[in-house]
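1. My questions concern the predicted model and sequence given below.
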Amino acid sequence: MSWVKRGDFLDPPPVLENQGRAERAPLFLNSGDKSPSPIDARTARRTQASEILVDAIRRLAYRDLDEADATGCPKARSRGNRRLVSASRVAECAKAKMIPYRCKNGHTWEVQPMGCGIRLCPRCEHRAAYHVEERLAFLLSKFKNPVRMLTLTLRNYAIGSLADMLRELDKSFRRLRNSTMWKRYVDGAVAVFECTVSEERGWHAHIHIAFDGKFMPHAEVRAAWIKATRGEGQQVNLKGQRWARAVACRYLSKYTSKGVKVGDLPAELVTEFVEAWWKFRTLRTYGTMFRLKYERPAWDGVHRCPECGEPGEPQVPVFSWAPCPDSKAAG
């Protein structure tokens, strides 16, 4: 028997991602206010995109549970249950309202509540992009040589073949990294994967790479990429050979939130995109950049006024979850 029945969308327990590490902002910071309020155009678009995403996740969950009922596969049942919980988290995240704050000098501002933390969530994607930008800035600061940029693409794949395209892109890039050319010029690299779609031309994939190494002749790179993709490589673009680190960081980070927006997709493509992109890692490191860990600065738990810098107080009840300081000792 499944512990989640069809039609039952349970509220998940709070996820304590920072337990056992330095104290950071809690995953959930919610005013608890989900009452109707005037909706601007931006909020309406996010709400609509959230509904589309929730429907797609639930559709995939029901498919997994039907497969589990037919075959008795425990992995399919577990995957379906996890997807139902994720759908519930996105749905609740979409209902959260901005939290008003006020400092002692009378300044007021609003703080966006911490949300579900799911990358595809329309409310959380910008926060996720900010965290990626922080990590990119850290990684690029470790380069020993000037930052050099490279963009690689594959030919378009037809609608319905997104998973195959991402699999082939991953294999092709692995073959390129194992080539003599790559090892001769590149010491370490940071790659950001991007996906675009058109109903006429189908799915299109890009890899935007910042690498630490020597100058690479365009002809050699193109020949190696065509060989690695077995003739499917479409374009190689060496976007300048020396980039300022801050400029390269902004350039790469914009693709983490640019990509495909769930709300902009035709209804028939949403499920395919969510299934293929859900677990696909869009930021990867290689060579000397591999496994370099970035520890975000500890959050002091205080929201400060953007005008005067004074601590602010929430004007509505705020409920947050954070790890108990003695939880590790008690365990």
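-> Looks like it came in fine.
2. Report back the residue of the chain that's furthest from centre.
-> residue 105 (37.1 Å; C-alpha atoms, centre = their mean).
3. Doesn't that residue lie inside a helix?
-> No: in this structure, residue 105 is coil, not part of a helix, as judged by DSSP: H, G, I helix; E, B strand; the rest coil.
4. Please name the residues that touch it.
-> Going by C-beta atoms under 8 Å, 6 or more residues apart in numbering, residue 105 touches 305, 307-308, 310. (C-beta placed from N, C-alpha, C; glycine too.)
5. got it, and residue 304?
-> Neighbour list for residue 304: 103, 310-312 [criterion: C-beta under 8 Å, 6+ apart].
6. Could you list the buried residues of the lengthiest helix in the chain?
-> If you go by DSSP state H, the chain has its longest helix at helix 41-71. Within helix 41-71, the residues that count as buried by 16 or more other C-beta atoms under 10 Å are 43, 46-47, 49-58, 60-61, 63-65, 67-68.
7. Dihedrals phi and psi, the nearest residue to residue 102 once chain neighbours are set aside?
-> Of all residues not flanking residue 102 in the chain, residue 108 sits nearest, at 4.9 Å (C-beta to C-beta, 6 or more residues apart in numbering). The phi/psi pair for residue 108 (degrees, to the nearest 10) reads phi -120, psi 150.
8. same question, residue 309
-> When read as degrees, to the nearest 10, the backbone of residue 309 gives phi 80, psi 0.
9. Next, count neighbours for it.
-> Residue 309 has 10 neighbouring residues, counting by other C-beta atoms under 10 Å.
10. That one and residue 251: what is the separation?
-> 31 Å (C-beta to C-beta, to the nearest Å).
11. Point out where the stretch 101-250 of the chain drops to low pLDDT.
-> Low-confidence segments of the stretch 101-250 of the chain (pLDDT under 70): 239-241.
12. Show me where it has its strands.
-> 108-111, 147-154, 186-198, 202-213, 233-237 (DSSP state E, counting those that start in this stretch).
13. Would you mind measuring from the residue nearest to residue 102 to residue 123?
-> For residue 108, the distance to residue 123 equals 22 Å [C-beta to C-beta].
14. Just want to know which of those two has more residues nearby.
-> The neighbour count for residue 108 versus residue 123, taken as other C-beta under 10 Å, is higher for residue 123 (22 against 12).
15. show me the contacts for the more buried one.
-> Residues in contact with residue 123 (C-beta under 8 Å, 6+ apart) are 46, 50, 93-94, 96, 112, 115-116.
16. Show me which pair in those is furthest apart.
-> Across the contacts of residue 123, the longest distance by C-beta to C-beta is 14.3 Å; it joins 50 and 112.
17. Name all residues that make contact with residue 193.
-> Residue 193 sits next to 166, 169, 205-208, 280-284 when contact means C-beta under 8 Å, 6+ apart.
18. CSV please, covering those and showing neighbour count and distance to residue 84.
-> As requested, the contacts of residue 193 are arranged in CSV below (neighbours: other C-beta atoms under 10 Å; distance: C-beta to C-beta, whole Å):
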residue, neighbour count, distance to residue 84
166, 19, 24
169, 22, 30
205, 22, 30
206, 20, 33
207, 22, 33
208, 21, 34
280, 15, 21
281, 8, 23
282, 16, 24
283, 16, 27
284, 16, 29
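19. Pick out the residue closest to the middle of the protein.
-> Nearest to the geometric centre of the chain sits residue 119, at 4.0 Å (C-alpha atoms, centre = their mean).
20. Show me the two of the contacts of residue 105 that sit farthest apart.
-> 307 and 310 (8.7 Å).
21. who touches both of those two?
-> 105, 107.
22. from memory residue 198 sits against residue 204, does it?
-> Yes: taking C-beta atoms under 8 Å as the definition, residue 198 is a contact partner of residue 204 at 7.3 Å.
23. Out of the two, name the residue with the larger neighbour count.
-> Taking neighbours as other C-beta under 10 Å, residue 198 and residue 204 compare with residue 204 leading, 17 against 10.
24. just checking, the more buried one touches residue 159?
-> No: applying C-beta under 8 Å, one finds residue 204 not in contact with residue 159, separated by 11.6 Å.
25. Between those two, which contacts overlap?
-> Both residue 204 and residue 159 are contacted by residue 197, under the criterion C-beta under 8 Å, 6+ apart.
26. Who are the contact partners of residue 265?
-> 52, 197, 273.
27. what do you get if the cut-off is 10 Å, keeping everything else the same?
-> Each residue near residue 265 by C-beta atoms under 10 Å, 6 or more residues apart in numbering is listed here: 49, 52, 56, 197, 199, 271-274.
28. Please apply the same query to residue 134.
-> Listed by C-beta under 10 Å, 6+ apart, the contact partners of residue 134 are 249, 253, 294, 296-297.
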